[in-house]
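S.K.: Give me the fold of what follows.
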Amino acid sequence: MDILKAATDWGRAEAFSISFFILFGILFIITGLGFWQLGKTEFARAFIYPVSIAGIFLLASGLGLFFSNKARVGEFETAYQQDASSFVASEIERVDKTIATYQTAAFKVFPAIAILGALMVMFMQKPVWQATGVAVMATMIVFTVIDSNAKSRLENYKIELDSFVANQK
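M.R.: You can find the predicted model right below:
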């Protein structure tokens, strides 16, 4: 097994996944612009700012993650060539922390925030609050879907890292 190839493949898959944050960010911004240009009702116009802000948030998150991941993957080969065991140990430590973060964020925090958005839709009477609730729910759904898949990929990568360590003994 080539652990460097596994690390690089994981990084490329992660970059592909992160690109969906960027895609949804752009779609949300376009949607906000659409409501701005075409929205005729008070409820449609209430979506302009919440959806646009959610889009900017998704776009910024996606771009930040994309460039940090790209830099990380670029450093894999150098770190592996310098000391393969140290590289794998640091990757295992990083992966363990990230899986724990995903477990909390993707399966607890994001759904809880989405529930708050749903409560806003149910109990707030003004269109701007209801539109904000819908935008919050949509944003959290995007985060949950992308991060739950990222967690799964990371768990598979962790298995490959553990297998590499087991074969070294």
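S.K.: count of residues packed around the closest residue to residue 102 other than its chain neighbours?
M.R.: Nearest non-adjacent residue to residue 102, counting by C-beta to C-beta, 6 or more residues apart in numbering: residue 151, 3.8 Å away. Placement of C-beta: from N, CA and C, glycine included. Neighbourhood size, residue 151 [other C-beta atoms under 10 Å]: 19.
S.K.: Quick check: which ranges of the protein have low pLDDT?
M.R.: Residue ranges of the chain with pLDDT under 70: 1.
S.K.: That one: helices as residue ranges?
M.R.: Applying DSSP state H to the chain gives helices spanning 3-38, 42-46, 48-82, 84-104, 110-123, 127-168.
S.K.: Next, the contact list for residue 17, please.
M.R.: 146, 149, 150, 153 (C-beta atoms under 8 Å, 6 or more residues apart in numbering).
S.K.: Can you add distance to residue 43 and give those back as CSV?
M.R.: Output for the contacts of residue 17, formatted as CSV (distance: C-beta to C-beta, whole Å):
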residue, distance to residue 43
146, 28
149, 33
150, 34
153, 39
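S.K.: Closest one of these to residue 31?
M.R.: residue 146 (18.0 Å; C-beta to C-beta).
S.K.: For residue 39, list the residues it contacts.
M.R.: Contact analysis of residue 39 by C-beta under 8 Å, 6+ apart lists 45, 47, 48.
S.K.: Would you mind giving those residues as JSON lines with neighbour count and distance to residue 21 added?
M.R.: Shown next, in JSON lines, are these (neighbours: other C-beta atoms under 10 Å; distance: C-beta to C-beta, whole Å):
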{"residue": "45", "neighbour count": "16", "distance to residue 21": "26"}
{"residue": "47", "neighbour count": "23", "distance to residue 21": "20"}
{"residue": "48", "neighbour count": "19", "distance to residue 21": "21"}
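S.K.: picking that back up, return the members of the contacts of residue 17 classed as buried.
M.R.: Buried members of the contacts of residue 17, counted by 16 or more other C-beta atoms under 10 Å: 146, 149, 150.
S.K.: For the second one, which non-adjacent residue is spatially closest?
M.R.: If the residues on either side of it in the chain are set aside, residue 149 comes closest to residue 17, at 6.1 Å by C-beta to C-beta, 6+ apart.
S.K.: That'll do, ta.
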